[in-house]
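Undergrad: structure for this input, please:
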Amino acid sequence: MSDTTETEIPRRYAFVEIMGHRSHWGEISEVEFAGAKFLRVHDVDTDEVHNYGGAAIFNVSEISRAKLDAHIEQQVRYKREQTEREARWKAQDEAIRKARELPAPKPEPTEISDADGEWVDDAEDPEKSHLCLTANYYDNPERVFLALELAGEPIDTTQETVARWTSEQRKAAAEWALSRSYAASDNDDVIVPPRPDFIELLF
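TA: From the prediction side, this is the model:
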């Protein structure tokens, strides 16, 4: 479509730079107000109209309509990409938030960290060792119960029963069960204590 008609003044487009580090892309025209002339700029990025006196103008670079259209397309593409980036960032933040809300993975009953206890060399036979657990392990009835299930014995108990045991009973039960489990895995250096008498077998 032509930018002119027989009765219209040719439309002009420019990149206008204003003092104070402001700039506009858009259609320009000269207007008169109160006896003074101003440059009117219709900014295509904001759809706002600005009127500037000559002293406020730093530079006017006149451009073709095609170049102005290319600028508009570039801004549309930039805004779309920015929206897509923000959507990805939001999705990533949401995924991180949900991951942080997940419960921490439960440790395996046979996994012994430094906080759970240690293997102590036997006083009579240094080549053998016995397990010494801390309250970090045996004060968790669920871990103690799972350890009992790995002991290789038909134990007649439940997690609720384990929860009612004293701390010393849970400690003794867990150290016996874990030691049996380790010894059964070809760890000949593990000393297995006697089964505590409060642990009953099914048969």
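Undergrad: per-domain residue ranges of this protein.
TA: Domain assignment for the chain by automatic domain parsing gives 12-100, 107-203.
Undergrad: tell me which of those is the most buried.
TA: domain 107-203 (a mean of 15; mean count of other Cβ atoms under 10 Å). From N, CA and C alone the C-beta is placed, and that goes for glycine too.
Undergrad: for that domain, what is the distance to the chain centroid?
TA: In terms of Cα atoms, centre = their mean, to the nearest Å, the centre of domain 107-203 is found 37 Å from the chain centre.
Undergrad: need the contact list for residue 139.
TA: 167, 170 (Cβ atoms under 8 Å, 6 or more residues apart in numbering).
Undergrad: can you offset everything so residue one is 263?
TA: Sounds good: first residue 263 from here, last item residue 401.
Undergrad: and it, its phi and psi?
TA: phi -80, psi 0 (degrees, to the nearest 10).
Undergrad: and if you look at residue 457?
TA: Dihedral angles of residue 457 (phi, psi; degrees, to the nearest 10) stand at phi -70, psi 130.
Undergrad: skip the chain neighbours and tell me the closest residue to it.
TA: Of all residues not flanking residue 457 in the chain, residue 438 sits nearest, at 5.7 Å (Cβ to Cβ, 6 or more residues apart in numbering).
Undergrad: what ranges does the protein have for its helices?
TA: Here the chain has its helices, by DSSP state H, at 327-363, 397-400, 403-411, 421-426, 429-445.
Undergrad: can you put these in JSON lines and add distance to residue 304?
TA: JSON lines is the format used below for the helices of the chain (distance: least, Cβ to Cβ, whole Å):
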{"stretch": "helix 327-363", "distance to residue 304": "11"}
{"stretch": "helix 397-400", "distance to residue 304": "72"}
{"stretch": "helix 403-411", "distance to residue 304": "71"}
{"stretch": "helix 421-426", "distance to residue 304": "76"}
{"stretch": "helix 429-445", "distance to residue 304": "80"}
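Undergrad: closest to residue 293 out of these?
TA: Across the helices of the chain, residue 293 has its closest neighbour in helix 327-363 (19.8 Å, Cβ to Cβ).
Undergrad: what packs against that closest one?
TA: strand 274-280, strand 284-295 (3 or more Cβ pairs under 8 Å, 6 or more residues apart in numbering; DSSP states H and E).
Undergrad: as JSON lines, the ones you listed with distance to residue 445 and mean pLDDT would be great.
TA: Listed next are the helices and strands packed on helix 327-363 as JSON lines, based on distance: least, Cβ to Cβ, whole Å; pLDDT from 0 to 100:
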{"stretch": "strand 274-280", "distance to residue 445": "82", "mean pLDDT": "96"}
{"stretch": "strand 284-295", "distance to residue 445": "79", "mean pLDDT": "94"}
